[in-house]
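1. Got a sequence here, can you model it:
(4 chains)
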Protein chains: 2
Amino acid sequence: MFLAESCAHKQQSGVCPDCPVRARAICSALAPAELEQFASIMQTVTLAEGEALFNEGETGDYLYNLTSGAVKIYKLLPDGRRQMTGFLFPGDFIGFAVSDTYVYSAETLSEVTVCRFPRTKLERMLESYPHLHRRLFTLASRELATAQDQMLLLGRKSAKEKVASFLLSLRERAIQRGEDGNPLYVPMSRSDIADYLGLTTETVSRTVTQLKTSGAIRLLEGHRFQIKDVGELQLLAEGA
Amino acid sequence: MFLAESCAHKQQSGVCPDCPVRARAICSALAPAELEQFASIMQTVTLAEGEALFNEGETGDYLYNLTSGAVKIYKLLPDGRRQMTGFLFPGDFIGFAVSDTYVYSAETLSEVTVCRFPRTKLERMLESYPHLHRRLFTLASRELATAQDQMLLLGRKSAKEKVASFLLSLRERAIQRGEDGNPLYVPMSRSDIADYLGLTTETVSRTVTQLKTSGAIRLLEGHRFQIKDVGELQLLAEGA
DNA sequence: CAAAGGTTTTGATGCAGATCATGGTTTGCC
DNA sequence: GGCAAACCATGATCTGCATCAAAACCTTTG
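-> Numbering: from 1, shown residues only, chains lettered A, B, ... in the order given. Sure, this is the predicted structure:
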């Protein structure tokens, strides 16, 4: 059991354009014949901007792997207050359910394509490939670490620090996906960002204007941010 | 491969008093002979209140399983602001490192005993028991779900909602460990609670007083809270 | 291209919780 | 017993961000 010949991967996450199962996390650990097995239970689905993949509380029938576009996941309070818990990009998994229902809602930020796996079938199949759980564990641990960073941000950072940290972490992830991250594509609205950072749209807007005025960033056409001074942002992100 | 005869578990987490390896998450999936293997690389360590298990940034040489007492884990900003990312109780694992260094600090809240596993040895051994990764994945997924709840709390709840939610979740976990959860043992200081909830000690103190005055709770001797009205707290926790 | 509806920006005002300050209580230590 | 060091509670004041309001801008559609 080692890397499939058909597809020499350097990363454990991301999108693999060649394999029938597009997720590096899975396909880099399987032989071509095994891959076919997984591909056989999977469907490729395309969704328009603003569509829901699923809502919190629904039975978690499917697990998704995002292959293009971006997705937001969030939780709601009964009175409608919303907290984004993450933004997902190509290569990310969506909808691993601890219980039998989804614990958050997921909605597209752009047109997206996903690989959709029926949960029970997938879990049954995973039984036969126990080493894949190691990959999944690694992915979950990594997500947990970023969740902890986000707690630090939400609990202890100022508005300016939050926005600076947000832009830097988006950039970081873009770079990890192999993009150059500058200009940075920011597909989410002010209100999405606000709900991610525990702020209001007004405060996000004001803070972005401040960063623009101070010369750290510049807004370009089509949801793109040019980061003019990374060092400046890094200072702002941790309090300067 | 099924449950070890020596030890019939109902839960996937918690402390197993009978097994050499005290963690249910591990021992419930292993045969007695396999258990011995794990026990052979493990040390049982006792720590006094206020001692550090490790600090953020240090090389992650050990993984711990808590068998008695309580532990706090937290992250710091350069200027000393602190965010608690979790409180850990018997049965919980501490120190799974994504990178080769710890991504948070861990410190005891009381006298604790832990099982200490050298990380590289443990990882080498886990290679031979791939099905254990499934357990670990489940544990990590569960932690991720509580991290998301905590993000909702930090980003979108008021001080009163935060404190009420905190008490309820402590109670919940005490019950899951088999305690009755009322009166509730709260081993952490006001300042620890504040740093967990993204508040100041003063605000925590005032809010607790409010809950006391409104009759929802009562303070007892020895860090114990009597919860007089669970329903009231549940209403407060989500905004009422 | 005008009307309509959404999103972003900007300004004025308000307030929840931070900050600052003080005293009380408990704990440990010489 | 006395003194320092934590911890907790509570009052007075301040402030960063929320809220409220409205204008500017952008997108869609008839």
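2. Let me know whether residue A:195 touches residue A:76 as I believe.
-> No - no contact is recorded between residue A:195 and residue A:76 when judged using C-beta atoms under 8 Å, the distance being 9.9 Å. No exception for glycine: its C-beta is placed from N, CA and C like everyone else's.
3. Common neighbours of these two, please.
-> Here residue A:195 and residue A:76 have A:82, A:83 as joint contacts, going by C-beta atoms under 8 Å, 6 or more residues apart in numbering or on different chains.
4. who has more neighbours, the two?
-> Set side by side, residue A:195 and residue A:76 give different neighbour counts by other C-beta atoms under 10 Å in any protein chain shown, the larger being at residue A:195 (25 against 17).
5. Where does that one sit: helix, strand or coil?
-> In three-state terms, and counting by DSSP: H, G, I helix; E, B strand; the rest coil, residue A:195 is helix.
6. Just list the residues touching it, thanks.
-> For residue A:195, counting by C-beta under 8 Å, 6+ apart, the contacting residues are A:74, A:82, A:83, A:84, B:155.
7. mind redoing it with 7 Å?
-> If a contact means C-beta atoms under 7 Å, 6 or more residues apart in numbering or on different chains, then residue A:195 has A:74, A:82, A:83, A:84 as its contacts.
8. so how far is DNA strand C from the residue nearest the centre of chain A?
-> Central residue of chain A (C-alpha atoms, centre = their mean): residue A:88, 1.7 Å from the mean position. Noted for residue A:88: a distance of 19 Å to DNA strand C, by C-beta to the nearest atom of the strand, to the nearest Å.
9. circling back to that earlier point, narrow the contacts of residue A:195 to just the buried residues.
-> Applying 16 or more other C-beta atoms under 10 Å in any protein chain shown to the contacts of residue A:195, the neighbour count classes A:74, A:82, A:83, A:84 as buried.
10. of all the residues in chain A, which ones are close to DNA strand C?
-> If contacts are counted using C-beta under 7 Å from any atom of the strand, the residues of chain A sitting beside DNA strand C are A:189, A:190, A:191, A:201, A:202, A:204, A:205, A:206, A:208, A:209, A:219.
11. and chain B, which of the buried ones among the contacts of residue A:195 contact it?
-> Checked against chain B using C-beta under 7 Å from any C-beta of the partner chain, the buried ones among the contacts of residue A:195 yield the following neighbours: residue A:83.
12. can you give me the helices in chain A?
-> In chain A, the segments counted as helices under DSSP state H are A:24-27, A:32-40, A:119-128, A:131-156, A:159-176, A:190-197, A:201-213, A:230-237.
13. Just want the angle from the fifth one to helix A:190-197.
-> Yep, that's helix A:159-176 we're talking about. Between the axis of helix A:159-176 and that of helix A:190-197 there is an angle of 100 degrees, by axes from the mean of the first three to the mean of the last three C-alpha atoms, to 10 degrees.
14. For helix A:159-176, buried residues please.
-> Applying 16+ other C-beta under 10 Å to helix A:159-176 flags A:159-171, A:173-174 as buried.
15. and it, anywhere near DNA strand D?
-> Yes - part of helix A:159-176 sits close enough to DNA strand D to count as contact by C-beta under 7 Å from any atom of the strand, namely A:159, A:160.
16. Return the residues of chain A in contact with chain B.
-> A:75, A:77-79, A:81, A:83, A:85, A:96, A:98, A:103-104, A:130-131, A:133-134, A:136-137, A:140-145, A:147-148, A:150-152, A:154-156, A:198, A:238-239.
17. so what pLDDT did the residue nearest to the centre of chain A get?
-> The score at residue A:88 is 97. That number is its pLDDT.
18. Identify the residue nearest it in space, chain neighbours excluded?
-> Nearest non-adjacent residue to residue A:88, counting by C-beta to C-beta, 6 or more residues apart in numbering or on different chains: residue A:71, 4.3 Å away.
19. what's the neighbour count on the one you found?
-> Using other C-beta under 10 Å, residue A:71 is surrounded by 24 other residues.
20. So it is in contact with residue A:108, correct?
-> Yes - between residue A:71 and residue A:108 a contact is recorded at 5.6 Å, counting by C-beta atoms under 7 Å.
21. hmm, back to that, just the buried ones out of the residues of chain A next to chain B, please.
-> A:75, A:77, A:81, A:83, A:85, A:96, A:98, A:103-104, A:133-134, A:136-137, A:140-141, A:143-145, A:147-148, A:150-152, A:154-156, A:198, A:238-239.
22. from the residues of chain A next to chain B, which are also near DNA strand D?
-> If you filter these for contact with DNA strand D, counting by C-beta under 7 Å from any atom of the strand, you are left with residue A:198.
23. List the residue ranges of chain A that fall below the pLDDT cut-off.
-> In the predicted model of chain A, residues A:1-12 satisfy pLDDT under 70.
24. 50 instead, please
-> Segments of chain A classed as low confidence (criterion: pLDDT under 50) are A:1-8.
25. who in it is up against DNA strand D?
-> A:158, A:159, A:160, A:198, A:199, A:200, A:202, A:203.
26. ok, of those, which one's closest to residue A:63?
-> Within these, the smallest distance to residue A:63 is 28.3 Å, found for residue A:198 (C-beta to C-beta).
27. residue contacts, the closest one?
-> Contact analysis of residue A:198 by C-beta under 7 Å, 6+ apart lists A:154, B:154, B:155, B:156.
28. these two touch, right, the first one and residue B:151?
-> Pointing back at residue A:154 there. Yes - the pair residue A:154 and residue B:151 passes the contact test of C-beta under 7 Å, sitting 6.0 Å apart.
29. roughly how far apart are residue A:59 and DNA strand D?
-> Distance, residue A:59 to DNA strand D, by C-beta to the nearest atom of the strand: 33 Å.
30. just residue A:64 next, same as before
-> To DNA strand D, residue A:64 is 25 Å away according to C-beta to the nearest atom of the strand.
31. Please list all residues in contact with that residue.
-> For residue A:64, the contacting residues are A:53, A:93, A:94, A:95, A:114, A:115, A:116, taking C-beta under 7 Å, 6+ apart as the criterion.
32. Any idea how many residues pack against the first one?
-> By that I understand residue A:53. Residue A:53 is surrounded by 22 other residues when neighbours are defined as other C-beta under 10 Å.
33. For it, which non-adjacent residue is closest in space?
-> On the basis of C-beta to C-beta, 6+ apart, the spatially nearest residue to residue A:53 that is not a chain neighbour turns out to be residue A:106, at 4.1 Å.
34. Hmm, residue A:51 and that neighbour touching each other?
-> No - contact criterion C-beta under 7 Å: residue A:106 and residue A:51 do not qualify, at 9.8 Å.
35. Look at those two and report which has more neighbours.
-> With neighbours defined as other C-beta under 10 Å, residue A:106 and residue A:51 compare such that residue A:106 has more, 23 against 13.
36. so what's that one up against?
-> Each residue near residue A:106 by C-beta under 7 Å, 6+ apart is listed here: A:52, A:53, A:54, A:71, A:73, A:94, A:95.
37. Kindly recompute the last result at 10 Å.
-> The contact partners of residue A:106, by C-beta atoms under 10 Å, 6 or more residues apart in numbering or on different chains, come to A:51-56, A:64, A:66, A:71-74, A:85-86, A:88, A:94-95, A:114.
38. Show me those that map onto strands.
-> Secondary structure assignment (DSSP state E) places A:52-54, A:64, A:66, A:71-74, A:85-86, A:88, A:94, A:114 from the contacts of residue A:106 within strands.
39. What is the nearest of those residues to residue B:180?
-> Nearest to residue B:180 out of the ones in strands among the contacts of residue A:106 is residue A:85 (C-beta to C-beta; 31.7 Å).
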